[in-house]
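Trainee: Show me how the following folds:
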Amino acid sequence: MWTVSAVATLKASAAPALKRALYYSGALDVYHRTRNRDRLTVIMFHRVLSVADPRWRTADPEYSLRDDLFASCLGFFKRHYHVVALDDVLAARAGGPPLPPRPLLITFDDGWSDNEEFALAHLRRAGLPSVLFVVADVVGRAEPFFQERLVGAWRGGRLDGARATRLWRDAGGDPARPPPLERAGRDDLGPLRALITQLERLDAAPRAGLLAELAPILDDGVRYMITADQLRNLAGHFVAIGAHGKTHTPMTRAADLDAELAGARAVIAERLGGRPTPPATMSFPHGAHDPAIVARAHAAGYQLLFTSVPELPPAAGSGPGVLGRVGFTGDTISDARGRFAPELLALHLFRKPHAA
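Mentor: As a prediction, this is how the structure comes out:
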């Protein structure tokens, strides 16, 4: 008989057959129902795309999920959780009706057009609410963030190893120890992520100058980010709209924190057609925050804040707070043939640490 402690200590290297047996026997569900009854699970998605869409080929696999896997995830959530709306969470924290056992909130970050083009249909079919935390300045903009522009150019073959290595040096990277970009394959993103990290260390203006020189390579003329019409369509179909900053800059590095907080609320309200109440929630870009930023966010009108720490907060929390969220990649939840593996998603979600 599998005990709660035995499931908790199951190693990632355990045989696939054992993981399947644990799931289909119901042992993992019993563990989850016991352990996480009074915990809120907040799921963090970014992009949802069909493999038939040309954007899939150059998308960053760390932040992109096949739409068929997304649909399978929604079915999994309905089987093992009570999916709640953002209003349910806000009301519970304000002293209203408590959340049901094992509540789960579905969230998306950034503001990708594919959220409306692909994810929305699956959410409507499943009858599930969700939240989109949108970067105010991307609404109506075609090009993605610089990180995704680099990944797309790399995977699409427009950015080669030699030019990427020069960019490393121009960005202040150690010329004696560049990442092995000239030996990396198109699907080997480790060296490119090292370059992106180096660029993220720069202030916005010098980084923009370096990337402007690569505009013909980085810009492919395809729309990636959400339009105002798409944002309003999502809001009209049980997708709550929250903020993800104004520019996607980490809050700890923001030159104008008021613009990133109160400014983002005002811009998003305008994009939604002048709704009387600006967004009441925010997820911090890159998860970056500190106590002073949290206080400023509350003063700017945000009732609830989210980060990217993969932990499960108490479902019965009250008042303003910063809630962790759990993300995953397609590889995390699929088998060697790319098929959805619910046992892997169960092991990934059910054992996440509990927040204080």
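
Trainee: Now do the contacts for F350.
Mentor: By CB atoms under 8 Å, 6 or more residues apart in numbering, the contact list for F350 reads V7, L28, Y31, H32, R35, N36. No exception for glycine: its C-beta is placed from N, CA and C like everyone else's.

Trainee: Check what pLDDT the last one gets.
Mentor: Spelled out, it's N36. Note for N36: predicted pLDDT of 98.

Trainee: can I assume it is in contact with L312?
Mentor: Yes: judged on CB atoms under 8 Å, N36 makes contact with L312 at a distance of 6.4 Å.

Trainee: Give the ranges of residues in the stretch 1-150 of the chain that sit below the confidence cut-off.
Mentor: Within the stretch 1-150 of the chain, the stretches with pLDDT under 70 are 1-9, 11-13.

Trainee: now the helices for the stretch 251-356 of the chain?
Mentor: 257-258, 264-271, 291-299, 342-350 (DSSP state H, counting those that start in this stretch).

Trainee: Can you say which of these is nearest to G221?
Mentor: G221 lies closest, by CB to CB, to one member of the helices of the stretch 251-356 of the chain: helix 264-271, at 23.1 Å.

Trainee: How about residues contacting that closest one?
Mentor: Contacts for helix 264-271 (CB under 8 Å, 6+ apart): 134-137, 139-140, 228, 231-232, 241, 243-246, 275, 277-279, 282, 300-302.

Trainee: picking up where we left off before, can you tell me which of the helices of the stretch 251-356 of the chain is nearest to G330?
Mentor: That would be helix 342-350 among the helices of the stretch 251-356 of the chain, by CB to CB, at 10.7 Å.

Trainee: Can I get that closest one in CSV, CA atoms only?
Mentor: C-alpha atoms of helix 342-350 as CSV (Å, rounded to 0.1, in the frame of the first residue of the first chain):
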residue,chain,number,x,y,z
PRO,A,342,-1.6,12.4,-16.9
GLU,A,343,0.6,10.6,-14.4
LEU,A,344,3.5,13.0,-15.2
LEU,A,345,1.3,16.0,-14.7
ALA,A,346,-0.1,14.6,-11.5
LEU,A,347,3.4,14.0,-10.1
HIS,A,348,4.4,17.5,-11.2
LEU,A,349,1.5,19.3,-9.6
PHE,A,350,0.4,17.2,-6.6
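
Trainee: picking up where we left off before, out of the helices of the stretch 251-356 of the chain, which gets nearest to L189?
Mentor: Closest among the helices of the stretch 251-356 of the chain, once you apply CB to CB, is helix 342-350, at 20.9 Å.

Trainee: Tell me the buried residues in the closest one?
Mentor: Neighbour-count burial for helix 342-350 flags P342, E343, L344, L345, A346, L347, H348, L349, F350 (criterion: 16 or more other CB atoms under 10 Å).

Trainee: for the longest strand along the chain, packing partners?
Mentor: The residue-count maximum for a strand in the chain (DSSP state E) belongs to strand 103-110. Other elements packing on strand 103-110 under the criterion 3 or more CB pairs under 8 Å, 6 or more residues apart in numbering; DSSP states H and E are strand 41-45, helix 67-80, strand 82-83, helix 86-93, strand 130-134.

Trainee: now do 6 Å
Mentor: strand 41-45, strand 130-134 (3 or more CB pairs under 6 Å, 6 or more residues apart in numbering; DSSP states H and E).

Trainee: circling back to that earlier point, narrow the contacts of helix 264-271 to those in strands?
Mentor: Going by DSSP E, the strands hold V134, I241, A243, M282 from the contacts of helix 264-271.

Trainee: ok, and the closest non-adjacent residue to the last one?
Mentor: On the basis of CB to CB, 6 or more residues apart in numbering, the spatially nearest residue to M282 that is not a chain neighbour turns out to be A243, at 4.4 Å.

Trainee: Please apply the same query to the second one.
Mentor: When the adjacent residues along the chain are set aside, I241 lies closest to A235, with 5.2 Å between them (CB to CB, 6+ apart).

Trainee: Tell me how many other residues crowd the one you found.
Mentor: Other residues within reach of A235, judged by other CB atoms under 10 Å, total 16.

Trainee: For it, give me phi and psi.
Mentor: Backbone torsions of A235, given as degrees, to the nearest 10, read phi -60, psi -30.

Trainee: where's it relative to G242, distance?
Mentor: Going from A235 to G242 by CB to CB, to the nearest Å gives 11 Å.

Trainee: Show me how the protein divides into domains.
Mentor: Annotated domains of the chain cover 40-142+225-328, 146-218 [automatic domain parsing].

Trainee: In a markdown table, list those domains along with distance to L18.
Mentor: Output for the domains of the chain, formatted as a markdown table (distance: least, CB to CB, whole Å):
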| stretch | distance to L18 |
| --- | --- |
| domain 40-142+225-328 | 19 |
| domain 146-218 | 30 |
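
Trainee: Of those domains, which stretch is the most buried?
Mentor: domain 40-142+225-328 (a mean of 19; mean count of other CB atoms under 10 Å).

Trainee: Between the helices of the stretch 251-356 of the chain, which one is closest to D88.
Mentor: Nearest of these (CB to CB): helix 342-350, 19.4 Å.

Trainee: quick one on the thing from earlier: redo the ones in strands among the contacts of helix 264-271 as JSON lines? Include distance to L86.
Mentor: Output for the ones in strands among the contacts of helix 264-271, formatted as JSON lines (distance: CB to CB, whole Å):
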{"residue": "V134", "distance to L86": "14"}
{"residue": "I241", "distance to L86": "9"}
{"residue": "A243", "distance to L86": "12"}
{"residue": "M282", "distance to L86": "12"}
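
Trainee: Touching, P320 and H298? I think so.
Mentor: Yes: the pair P320 / H298 is scored as a contact, 5.1 Å apart, by CB atoms under 6 Å.
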